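1. what would the 3D arrangement of this be:
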Amino acid sequence: MADQLVPRDEIEAALQGHAADYAEIRMDDTATNRLVYRGRELEEIGRTLSFGGNARALVNGGWGFVSFNDPAGLRERVAEAVSQARSASGGGGERSRLAEVAPVTDIVPLYVRRDPRAIPLARKKELLDGYNDLMLSTAGVTSTNIVYSDAHKRVVFASSEGSYIEQERIDVVSRLAATARKNGDMQQSSMSLGALGDFTYIEEMEETARGLGRRAVELLSASYVKAGTYPVVLDPVLAGVFCHEAFGHLSESDHVYENERMKEIMVLGRRFGQPHLNIADGAAVPGLRGSYRYDDEGVPARKTDLIRDGILVGRLHSRETAGKMGEPLSGNARALDYRFPPIVRMTNTYIEPGTLDFEELIADIKEGVYARNWFGGTTSMEMFTFSAGEAYMIRDGKIAELLRPPKLTGNLFSTLLNIDALGNDMEVPSGDGEPRGWNQGGGCGKMGQMPLPVSNGSPHIRIQDCVVGER
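-> Sure thing, here's the model as predicted:
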């Protein structure tokens, strides 16, 4: 592990005595197991190890960044980052602005429930072979895809301000997909799942695999929705993805600080939703894939209210953006690994629950759409287009026929205002126990850093007047 390769006193000594406003060293050591199937072919199976680190420095508002694989000569790496930072500053004497954070020394224990490291690779293959066979044994399924990985990462962080932090985590993630074909037509059903430090769900996916095979075949005989504007109910998975993709990225303060149009749009105090709408982000929520105790700048994790009672009240920050914008730290500076500097990223982003049962959400809908799961989508500023993984018509307050996956399109801000009801089927985790209403199968991408572990959560939500396209 990294601290065995480089003693703490050597790391801390390498940061001292430089002509810089700030300097830091971060190193990570990672072991990853990965299996990939395409149809009956096992395309990839194996274990990879990686170690690397970086030095980052700030001088007069300019940053320098150096990554390395050999931990020898740490002081020289820091000096190189300082030299780059001095060049980036342009010599104009700009004042460096970092929000203050108290130095901390901490060794964070590993969160683990069922450790995938205790499961032989052969056993993992045996389980996934079985799930692949279950999907392929469904009449009409012609191909499948499975991607599985578990990664154990240990990170060491130290700063010239006196912080020294060790953290480690185990990330388990999987995606299963079944494709069915008939008379030149093709439909796919897929599911992405994940967990922090817990292999348990991988051992319990038989019904998931069977259901994906059945659903892919059923979609071949499903009809398209007639394009139009409908009341739409989103399940927790799709609602959580909507919250993350359409709104969460706009809450990342680097987008706001660097874009004049976003400054005009994302004004704190502006009404974005009805009084029952509350959206938050926070790595302090325990036991999720976006959870940690400290971000990659050594800032403690916390909960950040983004929308409270329908009003925009906060956003996500690094130390630099919080310092420049004069706003509170949120603990959202994250880096994919040692090759990248930390940037502002989401962690666990969620819509807080309301009070209604599912039956109450759909009871008043004469004709609408119930959209589930997530297949893909794009966002551009405040405009979004998402494809559901599956959907059903709602007729006279009841779930009716299966639909082929439709597209949902709209303006984020009018859509947020149109969220008129929230289900009660979501819980914010407080410790052990299965998280209800959370999607942990995703990985977030930004500025070339992907897939970063995140989670998103939501209850079922109802949106009035949502544009639904047939394909």
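2. so where's the stretch 201-350 of the chain uncertain?
-> For the stretch 201-350 of the chain, not a single residue meets the criterion pLDDT under 70.
3. could I get the full set of helices for it?
-> 206-220, 236-242, 253-257, 260-265, 319-325 (DSSP state H, counting those that start in this stretch).
4. tell me which residues in the longest one are buried?
-> In this case it means helix 206-220. 208-217, 219 (16 or more other CB atoms under 10 Å). For the C-beta atoms, the positions are set from N, CA and C on the backbone; glycine is no exception.
5. okay, now N69: neighbour count?
-> 10 (other CB atoms under 10 Å).
6. in JSON lines, list the buried residues of helix 206-220 along with distance to M27.
-> Below are the buried residues of helix 206-220 laid out as JSON lines (distance: CB to CB, whole Å):
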{"residue": "T208", "distance to M27": "37"}
{"residue": "A209", "distance to M27": "39"}
{"residue": "R210", "distance to M27": "44"}
{"residue": "G211", "distance to M27": "42"}
{"residue": "L212", "distance to M27": "40"}
{"residue": "G213", "distance to M27": "44"}
{"residue": "R214", "distance to M27": "47"}
{"residue": "R215", "distance to M27": "44"}
{"residue": "A216", "distance to M27": "44"}
{"residue": "V217", "distance to M27": "49"}
{"residue": "L219", "distance to M27": "47"}
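7. circling back: with distance to L412 added, can I get the helices of the stretch 201-350 of the chain in TSV?
-> Formatted as TSV, these follow (distance: least, CB to CB, whole Å):
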stretch	distance to L412
helix 206-220	28
helix 236-242	9
helix 253-257	13
helix 260-265	10
helix 319-325	21
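8. R169 is nearest to which of the ones you listed?
-> Nearest to R169, of all the helices of the stretch 201-350 of the chain, is helix 236-242, at 20.9 Å by CB to CB.
9. other SSEs contacting the closest one?
-> If you count contacts as 3 or more CB pairs under 8 Å, 6 or more residues apart in numbering; DSSP states H and E, helix 236-242 packs onto strand 348-351, strand 367-372, strand 383-387, strand 438-439, strand 455-457.
10. would you mind measuring from the nearest residue to Q449 once chain neighbours are set aside to G469?
-> Nearest non-adjacent residue to Q449, counting by CB to CB, 6 or more residues apart in numbering: L336, 4.0 Å away. Distance of L336 to G469, given as CB to CB, to the nearest Å: 34 Å.
11. the two - which one has more neighbours?
-> Just comparing L336 and G469: by other CB under 10 Å the higher neighbour count belongs to L336, 22 against 14.
12. quick check: beta-bridge partners of the closest residue to M447 other than its chain neighbours?
-> Of all residues beyond its chain neighbours, the one nearest M447 is I343 (5.9 Å), with distances taken as CB to CB, 6+ apart. According to DSSP bridges, the residues that bridge with I343 are R334.
13. shift numbering so it begins at 23
-> Yep, numbering from 23; the last one is I365 now.
14. looks like I365 contacts D276 (just checking).
-> Yes: under the criterion of CB atoms under 8 Å, I365 makes contact with D276 at 6.5 Å.
15. list residues touching both of these two?
-> Counting by CB atoms under 8 Å, 6 or more residues apart in numbering, the common neighbours of I365 and D276 are S340.
16. how does the protein divide up, domain by domain?
-> According to automatic domain parsing, the chain comprises the domains 24-242, 250-491.
17. which residue ranges form the helices in the stretch 73-222 of the chain?
-> 96-111, 143-158.
18. pick the most deeply packed of the ones you listed.
-> When these are scored by mean count of other CB atoms under 10 Å, the highest mean neighbour count falls to helix 96-111 (a mean of 20).
19. quick one: low-confidence parts of the stretch 373-493 of the chain?
-> In the stretch 373-493 of the chain, residues with pLDDT under 70: 453-456, 493.
20. can you give me the strands in it?
-> 389-394, 398-402, 405-409, 412-417, 420-425, 429-433, 441-444, 460-461, 465-468, 471-475, 477-479, 483-491 (DSSP state E, counting those that start in this stretch).
21. in TSV: those, plus distance to R78.
-> Converted to TSV, the strands of the stretch 373-493 of the chain look like this (distance: least, CB to CB, whole Å):
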stretch	distance to R78
strand 389-394	42
strand 398-402	29
strand 405-409	34
strand 412-417	44
strand 420-425	49
strand 429-433	38
strand 441-444	40
strand 460-461	32
strand 465-468	18
strand 471-475	15
strand 477-479	27
strand 483-491	40
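22. and these: which comes nearest E280?
-> Nearest of the strands of the stretch 373-493 of the chain to E280, taken as CB to CB: strand 465-468 at 13.1 Å.
23. so how far is V254 from the residue nearest to M469?
-> For I365, the distance to V254 - CB to CB - is 33 Å.
24. who's more crowded, these two?
-> V254 (27 against 21).
25. the more buried one and V391 touch, don't they?
-> Yes: at 4.9 Å, V254 counts as touching V391 under the criterion of CB under 8 Å.
26. need the overlap of contacts for these two.
-> In contact with both V254 and V391: 488, 490, using CB under 8 Å, 6+ apart.
27. and G320, how far from E286?
-> 33 Å.
28. so for these two, which sits in the more crowded spot?
-> Counted by other CB under 10 Å, G320 and E286 do not tie: G320 has more neighbours, with 24 against 9.
29. quick check: pLDDT value at the nearest residue to E183 once chain neighbours are set aside.
-> Closest residue to E183 apart from its sequence neighbours, by CB to CB, 6+ apart: P125 at 5.1 Å. At P125, the model reports a pLDDT of 97.
30. burial check on A422, number of neighbours?
-> By the criterion of other CB under 10 Å, A422 has 13 neighbours.
31. from what I see, it and V391 are in contact.
-> No: checked against CB under 8 Å, the pair A422 and V391 is beyond contact range at 10.1 Å.
32. now for the two: what residues contact both?
-> Counting by CB under 8 Å, 6+ apart, the contacts common to A422 and V391 are 414-416.
33. now a ChimeraX select for only the buried ones of the residues you listed.
-> Burial among these is assessed by 16+ other CB under 10 Å; the matching ChimeraX selection reads:
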select :414,415,416
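34. distance to I301 for the shared contacts of A422 and V391 - can I get that in JSON lines?
-> Compiled in JSON lines, those are given as follows (distance: CB to CB, whole Å):
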{"residue": "Y414", "distance to I301": "26"}
{"residue": "M415", "distance to I301": "29"}
{"residue": "I416", "distance to I301": "25"}
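35. which among the shared contacts of A422 and V391 gets closest to L299?
-> I416 (21.7 Å).
36. all good on my end, thank you.
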